[in-house]
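# Using only what follows, build the 3D model:
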Amino acid sequence: MKNVPKAIIILWISMLNILCLPHDFVSATAGEVDRPVSITGWEVKWGNVHDQGFISEVQGSEEIWEKQGAEKLEYSSAEAPSGSLWTRVTIPTISEDSSAIRFENIKGNHIVIYLEDRKVYENYHYNYDNNAVLLPLSSENSGGKLYVWTENEKGRLGIYGTVQVGPYATLQEKYIHNGLLDVILGATFVFTALTMLSCTFFLGKFHKGLWISLCIVMGSIGTMIITYSQFLYTFYQVYGDLYSVLFDLAMLMGMPALCYFFEQIIGPGRYGIFTKLRKFQVIYSIVAVAALMIDFISGGQWDMLYSLLVQNVIGFILVVLLSILMIGTISKALQRSREALLLATGFGTFALISVAELLWYYQRHGTYHLIWWKWSMVAFIISLIAILGSRFAEKHTKVLEYSKELELFNNELQRSEKMEIISELAASVAHEVRNPLQVTRGFLQLMTEQEDNKNKGYVRIALEELDRASGIITDFLTFAKPEFDHIISLNIADEFNHIEGILVPMANLEGGKIMTDIPPDLWIRGNSSKFKQAFINIIKNSIEALQGQGQIDIWAYAQDGVIKIHVRDNGEGMDEEALVRLGEPYFSNKIKGTGLGMMVTFRIVEAMQGQISFTSTKGVGTEAVVSFAAFVE
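Numbering: from 1, shown residues only. Here you go, the predicted structure:
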């Protein structure tokens, strides 16, 4: 790919660039070279069809050399008779043997350098025309001539940038650093992409497409940054053709992945434009890669399709592609989409910097080497990672919420299944057992009238146990059939006056007292008998928890259409394990408890469309809160 089309592609694809200020020049003097100094003047002449980089063709032709100073002219291969240019540089006085000369940038696809009549450097055979060169010098070379022959099929020719002479160690450091940072940046992207890709196996279907597309985009950008670096072309120039192929392949793979990522974030767009754009880009990339491979395998003999699709058309396609993506991103961001806003920030940063650098590139007539597009990609990649990270965080939060809901649902399901089983068992057993119990009780009553006094004590105990068994069966039936036949309007104050009359004597016997504070205007709908049964069970448990002394506070109030009734004691309380199991069948903290009372209470409250909850602290007390919908006549 030639320089200008490739510059457009890089610029639009990778995005990164700040205006680059030209380096300061220090004029060379005739004195000793003990620190790097810049050479600001040399001589040039056009090459001819016969020289082909041979020094014998130019030596001794003094009359045709043209002096070139700091205000040098621009030399283009289009103006050259043979597409080549000779440059002659005079070496200043050198006092130390460990010196060198460094060319910041020599434009040309094929370069040959001679020190006097000895060839000291040559590189060729790749599609890259920005070349950094470092040549060792000694004191013997003072005042000598360097001849630089450059050839370029289409583009700039000659020396651009600074030419410095100085200590070898100092210039070597600058030489090695030339483009090395680009390699490190690109390698970081590639390594990160490979690391993320290795994690794909642990994702299942969880955003796998979005994750893989981001890995491809990052890997493609990293490969493009590396293969566009001057470092490779400086130290490993023989693989130049391979770098060009890898650059194009990375670009063609990254474009469909980028379209897919945008489609997933922004959506299909109006008329499905982003979906259509992604499908077009996939087809185009497949055809372009095939053309690239054919051209590479054939050694350039079948390059017509490659030149059309990759060298000429792709610049226009990229401009259209990125423009559509930018417009869609901004439109989505204006809808206050957080992801689109992140994407627009990163993508916009890259686009604006890239445009600025592209304008600077053309203002310098193609002599400026694109640098900052690689770094602007960092902002873009960070925005992509931030978007994907936010999606993972959102999904993780939802998974936690679903897990909690599922746990609650499973607990409720298990409870419902237990209640259903007990309900069916209670309904079947209670009806079968109650009749023989009643018959047995009747005969025992007859026996009390006939037997002598010594058997009456045993009969009385038998009657008490039968009554206790009957009460248990009644609890079973209440649980099995919580629906109420008589639903009326209940005044909470009146109901608790009755409950208080039953339980206050019991509380006094236990050494405690009951305090109530219930307004007279609180009404609900329900069954009076079952309502009293539920609260008698709750308050009886509180009385037994007092252990000889203490107080039970009962109060009620209306809040947002709901009647809330609180029953709080300062008894022994319960630990967390007992509190969680409260209401389970056959679970009781009392020695003689059946574990059915609270189960029935929960069932009654549930049947009356109410809610019940308990809070308790061991050694402090327990509080029950029962809520019913308020009734307004």
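
# Surely residue 232 and residue 242 touch.
No. Counting by C-beta atoms under 8 Å, residue 232 does not reach residue 242; the two are 9.6 Å apart. (Each C-beta comes from the backbone N, C-alpha and C, glycine too.)

# who has more neighbours, those two?
Taking neighbours as other C-beta atoms under 10 Å, residue 232 and residue 242 compare with residue 232 leading, 21 against 14.

# Which neighbouring elements make contact with the helix or strand where the more buried one lies?
When elements are assigned from DSSP states H and E, residue 232 belongs to helix 230-235. For helix 230-235, the packing partners by 3 or more C-beta pairs under 8 Å, 6 or more residues apart in numbering; DSSP states H and E come out as strand 130-137, helix 180-198, helix 240-266.

# show me what contacts residue 569?
Applying C-beta atoms under 8 Å, 6 or more residues apart in numbering to residue 569 gives the contacts 542, 543, 545, 546, 550, 551, 552, 553, 621, 622, 623.

# Show the backbone phi and psi for it.
Here is the backbone geometry of residue 569 (degrees, to the nearest 10): phi -120, psi 160.

# Model confidence score at it, please.
The model reports residue 569 with a pLDDT of 90.

# How about it, nearest residue that isn't a chain neighbour?
Counting by C-beta to C-beta, 6 or more residues apart in numbering, residue 569 lies nearest to residue 542, which is 3.8 Å off, once chain neighbours are set aside.

# What are the neighbouring residues in contact with residue 516?
Here residue 516 is in contact with 496, 500, 554, 555 (C-beta under 8 Å, 6+ apart).

# And the spatially most central residue of the chain, how far from residue 342?
In the chain, the residue lying closest to the centroid (C-alpha atoms, centre = their mean) is residue 389, at 1.0 Å. Residue 389 sits 10 Å away from residue 342, taking C-beta to C-beta, to the nearest Å as the criterion.

# same check, this time on residue 559
As judged by C-beta to C-beta, residue 559 and residue 342 stand 43 Å apart.

# Those two: which is more packed in?
residue 342 (21 against 9).

# Pull the contacting residues for that one.
383, 386, 387, 390.

# For the chain, which helix or strand comes out least confident on mean pLDDT?
Least confident helix or strand of the chain, by mean pLDDT, DSSP states H and E, is helix 3-14 with a mean of 39.

# Which helix or strand lies directly C-terminal to that helix?
As assigned by DSSP H and E, the chain's next helix or strand after helix 3-14 is strand 37-38.

# Neighbouring strands - and their directions - for the very next helix or strand once past that next one?
Counting by DSSP H and E, the next helix or strand C-terminal to strand 37-38 is strand 42-46. With DSSP bridges as the test, strand 42-46 is paired with strand 66-68 (antiparallel), strand 84-90 (antiparallel).

# Tabulate the CA atom coordinates of the helix holding residue 232 in PDB.
Extracted in PDB, the C-alpha atoms of helix 230-235 (Å, rounded to 0.1, in the frame of the first residue of the first chain):
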ATOM      1  CA  GLN A 230       9.800   2.700  12.200                       C
ATOM      2  CA  PHE A 231      11.500   0.400  14.600                       C
ATOM      3  CA  LEU A 232      10.800  -2.700  12.500                       C
ATOM      4  CA  TYR A 233      11.700  -1.000   9.300                       C
ATOM      5  CA  THR A 234      14.900   0.200  10.800                       C
ATOM      6  CA  PHE A 235      16.200  -3.000  12.400                       C
END
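
# Could you list the domains of the chain?
Split into domains by automatic domain parsing, the chain comes to 31-175, 181-228+236-400, 403-480, 488-629.

# avg pLDDT for the helix or strand encompassing the residue nearest to the centre of the chain?
Applying DSSP H and E as the criterion places residue 389 in helix 373-450. Helix 373-450 shows a mean pLDDT of 72.

# mind starting the numbering at 53 from now?
Right, with 53 as the first residue, what we last looked at is helix 425-502.

# Farthest-apart pair in the contacts of residue 394, please.
435 and 442 (10.6 Å; C-beta to C-beta).

# More neighbours: which of those two?
residue 435 (21 against 13).

# quick one, what contacts the nearest residue in space to that one that is not next to it in sequence?
Spatial nearest neighbour of residue 435, excluding adjacent residues (C-beta to C-beta, 6+ apart): residue 398 at 2.5 Å. Applying C-beta under 8 Å, 6+ apart, we find residue 398 in contact with 431, 432, 433, 434, 435, 436, 438.

# just the buried members of the residues you listed?
431, 432, 433, 435, 436, 438 (16 or more other C-beta atoms under 10 Å).

# Would you quantify the distance from the fourth one to residue 522?
The one in question is residue 435. Residue 435 is 75 Å from residue 522, where distance means C-beta to C-beta.

# ok, now the last one?
Distance check for residue 438 against residue 522: by C-beta to C-beta, it reads 70 Å.

# now the third one
Residue 433 sits 78 Å away from residue 522, taking C-beta to C-beta as the criterion.

# now the second one
Between residue 432 and residue 522 the distance, using C-beta to C-beta, works out to 80 Å.

# remind me which residues of the stretch 503-652 of the chain are low pLDDT?
Scanning the stretch 503-652 of the chain for pLDDT under 70 picks out 503-517, 519-521, 523-537, 635-648.

# quick one, what contacts residue 434?
Counting by C-beta under 8 Å, 6+ apart, residue 434 makes contact with residue 398.

# how about the nearest residue to residue 310, chain neighbours excluded?
Closest to residue 310 by C-beta to C-beta, 6+ apart is residue 269, at 5.4 Å.

# Just read off the phi/psi values of the one you found.
Residue torsions, per degrees, to the nearest 10, at residue 269 are phi -60, psi -50.

# With that, I have no additional questions.
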